[in-house]
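Chemist: model the structure of this input:
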Amino acid sequence: MTMKILTSTFTTKHNTAPFSKIKIEDYKPAFEANIAKARAEIEAITNNPEAPTFENTIEALDFSGENLDRLSSIFFNLNSAETCDEMQKIAQEVSPLLTEFSNDIALNENLFKRVKTVYDQKESLTLSPEQATLLDKKFKSFSRNGALLPDEKKEILRGIDKLLAQLKLTYGENVLAETNNYKLHLTNEADIIGLPDGAKEMARALAKSNDLEGWMFTLDFPSYLPFVTYIENRELRKEMAVAAGKKAFQENENDNQENLKNIVALRHDRARLLGYPSHSHFVLEERMAQTPEKVLSFLNDLLAKAKPAAEKEFAQLSSFAKELDGIDRLEKWDGAYYSEKLKQKLFDFDDEILKPYFQLKNVLNGAFTIAEMLFGITFKEVFDIDKYHNDVQTFEVIDMEGNLVAVFYTDFFPRKGKRNGAWMTSFKPQFIKDGVNERPHVSIVCNFTPPIVTSEESEAKPSLLTFNEVTTLFHEFGHALHGMLANTTYPSLSGTSVYWDFVELPSQVMENWCYEPNALALFAKHYETGEIIPQAYVDKIKESASFLEGMATLRQLSFGILDMNYHSQPQEIQNVKAFEKTVMNNTSLYPDVEENCMSTSFSHIFQGGYSSGYYSYKWAEVLDADAFAYFQEKGIFDKETALKFKDNILSKGGTELPMELYKRFRGQEPKPEALLKRAGLL
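Modeler: Residues are numbered from 1 along each chain as shown. The predicted model follows:
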């Protein structure tokens, strides 16, 4: 009867998830039981004989379904970080149940009547800004999900939502399967000339774990990136790059073309059913940007500024490759390789020189120290909190008065059953109920180079990060701070529950400390000698920060523009590849690769929550450059500025409109000049 664990309040330390006691077969019955319990709570609110009030309807709704929310966060987080065939099968079975349940709420006429009664009285109620936001959000959760539709259209909406939930899951599973299916096994040392020692050791360890001699490479980022950046053999770089580019675009059982077309069509059908011209119009109503026109204008404005710089950089890179190796036409599999070579030439600088100064343990402690200096919180590793894998570390986060701020989990290394990339998530949100401030349980998941044991006798070589991985860690840690320092009443407005084009501000602003000598001195120490990173290297990091920035900006803009083209106007897409090629024509620098298509593995927008929202990375860069310029003005460890950031941004979650919160912190609206200046595009 272990299922009982998943249907009641946990009796663990800090009410943390009891991972080791959960059996996979318990999930589905637990979902069924928790959905039934949540249904009963909804029925109690709906059938309350008392007149609808903010407390007995709006507030009660937000606190309902607590057990179901906890179970969902545990299950779906593990389905990303520690999945298996059995879990994926359960995900396919429970997703429609959850969609049906949320539709039952959204389309519950009597419940909506109660919500609307309170909403219609909002002018006469004395609500705090947070309560007013919650009321607005709850009303929209009905109106934006079909509550105002006639019955026959409500049924159509239910069908669409059920289908979409399954299609998105399948899309993601296909991308994961394609990533796991590809392995490049090499036995000839001549084939790996150019590869740094750390990457060689990792490839040898990977081969060994598959009972093979030689070296093995996969499409997991820590394996893929060094390969295409350093391997001298151009044909092998091509093989690897083409394999990555054709994920889920191979007309096999994992092909995502039909899934993608169906997702796009169903999203538009849903939006039009609800009275919006397109999926983008629907999504952007709840974003800082507000309209597709504003997003496209923002992207095209940046494109106009970045494209000349990008074309100039591409010409420089092309002539460098020709001069160095007689390359007549720069291809996609040449980009990372010659960029690295050019960077070494211009800055006399190689990313590999930096890695010994970025031992993962030190970088993590550096992030902790910076958070302590800015926000007055400390991180203490603990060993009595359950975890779902041996790689996971657990920490208690404590404030100056010794109070628990959060429980923090880290999970840093790639493995089978863990999706690519890096993300922050939570196992429990922060909220205040019955006078108790419930603290959040926050996790960051990455795919960094793991420690390597080179032989049976020797000690493991610690995990050493590239500078790009250092900024990734700080990025996810910024999201984590947003979750950990939350201080709101309602769970649905807490932490990162903010507009999507605001959510990247805390994460992206944290990356800036990675470039500051005073911050680097705290953690960039040689793992063998303890020597602090030489100032000359710090200067190189700063100098090279805007290296090929025009090309990088163009690449990001191309993804945002592709996303908006899929979602801002209803259309029938006949051929995914042709559509992508047409849309990206204006932002393409490299020749097209016929057998590649990025849309079929563009998980951010087709599996994750970024549809009509990919622009938000650049949008948030404007916010973060402007915000960090303020820190630089006052001092990067200035307590007063940090307190303003904590009180107005990090702790407030989604309780007020983001622009209002930003102006309260900064004293003005953000200006794009700070970003253009930082990127060297002015």
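Chemist: in a helix, that's where Val405 is, yeah?
Modeler: No. Val405 is assigned strand when assessed by DSSP: H, G, I helix; E, B strand; the rest coil, not a helix.
Chemist: which residues are in contact with the residue nearest the centre of the chain?
Modeler: Nearest residue to the geometric centre of the chain (C-alpha atoms, centre = their mean): Trp423, 4.3 Å. When contacts are counted by C-beta atoms under 8 Å, 6 or more residues apart in numbering, Trp423 touches 80, 444-445, 476. Where you see a C-beta, it was placed from the backbone N, CA and C, and this is true even at glycine.
Chemist: let me know the closest of those to Phe112.
Modeler: Ser80 (32.9 Å; C-beta to C-beta).
Chemist: I'd guessed that closest one sits against Arg419; true?
Modeler: Yes. Between Ser80 and Arg419 there is a contact under C-beta atoms under 8 Å: 5.2 Å.
Chemist: those two: who's more crowded?
Modeler: Neighbours per residue (other C-beta atoms under 10 Å) separate Ser80 from Arg419, with Arg419 holding more: 21 against 18.
Chemist: can you list contacts of the helix or strand harbouring Ala38?
Modeler: Ala38 is part of helix 27-46, with elements assigned from DSSP states H and E. Residues from elsewhere that reach helix 27-46 (C-beta under 8 Å, 6+ apart): 3, 6-7, 56-57, 60-61, 64-65, 67-68, 71, 75, 87, 90, 93-94, 97-98, 101, 104-105, 108, 110-111, 114.
Chemist: quick one: list the elements packing against the helix or strand in which Phe142 is found.
Modeler: Phe142 is located in helix 129-143, with elements delineated by DSSP H and E. Contact here means 3 or more C-beta pairs under 8 Å, 6 or more residues apart in numbering; DSSP states H and E; on that basis helix 129-143 packs against helix 60-63, helix 109-120.
Chemist: distance from the next helix-or-strand element following that helix to the middle of the chain?
Modeler: Sequence order places helix 151-181 as the next helix or strand after helix 129-143, per DSSP H and E. Remark: helix 151-181 is offset 20 Å from the chain centroid, using C-alpha atoms, centre = their mean, to the nearest Å.
Chemist: tilt between the helix holding Ala38 and helix 109-120?
Modeler: 60 degrees (axes from the mean of the first three to the mean of the last three C-alpha atoms, to 10 degrees).
Chemist: tell me how far helix 27-46 lies from the chain's centre.
Modeler: Distance of helix 27-46 from the chain centroid (C-alpha atoms, centre = their mean) equals 29 Å.
Chemist: per-residue confidence averaged over it?
Modeler: Taken as a whole, helix 27-46 carries a mean pLDDT of 97.
Chemist: quick one: the helices in the stretch 151-300 of the chain?
Modeler: 151-181, 197-209, 221-230, 234-245, 257-273, 279-284, 292-325 (DSSP state H, counting those that start in this stretch).
Chemist: most packed of those?
Modeler: helix 279-284 (a mean of 25; mean count of other C-beta atoms under 10 Å).
Chemist: surely Leu71 and Ser8 touch.
Modeler: No. In this structure, Leu71 is not within contact of Ser8 by C-beta under 8 Å, at 10.8 Å.
Chemist: who has more neighbours out of the two?
Modeler: More neighbours surround Leu71 than the other of Leu71 and Ser8, with 23 against 12 (other C-beta under 10 Å).
Chemist: sticking with that one, tell me its helix or strand.
Modeler: Using DSSP H and E, Leu71 falls in helix 66-81.
Chemist: would you mark the buried spots in that helix?
Modeler: For helix 66-81, burial by neighbour count (16 or more other C-beta atoms under 10 Å) applies to 66-71, 73-81.
Chemist: from those residues, which is closest to Glu531?
Modeler: Ala81 (35.0 Å).
Chemist: distance of the closest one relative to Arg158?
Modeler: 30 Å (C-beta to C-beta, to the nearest Å).
Chemist: for Leu360, same thing?
Modeler: 46 Å.
Chemist: what do you get for Thr170?
Modeler: Thr170 is 19 Å from Arg158, where distance means C-beta to C-beta.
Chemist: a markdown table please, covering the helices of the stretch 151-300 of the chain and showing distance to Pro29 and mean pLDDT.
Modeler: Compiled in a markdown table, the helices of the stretch 151-300 of the chain are given as follows (distance: least, C-beta to C-beta, whole Å; pLDDT from 0 to 100):
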| stretch | distance to Pro29 | mean pLDDT |
| --- | --- | --- |
| helix 151-181 | 20 | 95 |
| helix 197-209 | 35 | 93 |
| helix 221-230 | 36 | 95 |
| helix 234-245 | 39 | 98 |
| helix 257-273 | 29 | 98 |
| helix 279-284 | 35 | 97 |
| helix 292-325 | 43 | 96 |
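Chemist: for the residue lying closest to Trp619 once chain neighbours are set aside, the count of nearby residues, please.
Modeler: Counting by C-beta to C-beta, 6 or more residues apart in numbering, Asp501 is the residue found nearest to Trp619 once chain neighbours are left out, at 4.6 Å. If you count neighbours by other C-beta under 10 Å, Asp501 ends up with 25.
Chemist: next one: Ala552
Modeler: By the measure other C-beta under 10 Å, the count of residues near Ala552 is 16.
Chemist: hang on, Ser443 in a strand?
Modeler: Yes. Remark: Ser443 belongs to a strand, assigned using three-state DSSP.
Chemist: help me confirm that it comes into contact with Tyr409.
Modeler: Yes. Between Ser443 and Tyr409 there is a contact at 3.9 Å, judged by C-beta under 8 Å.
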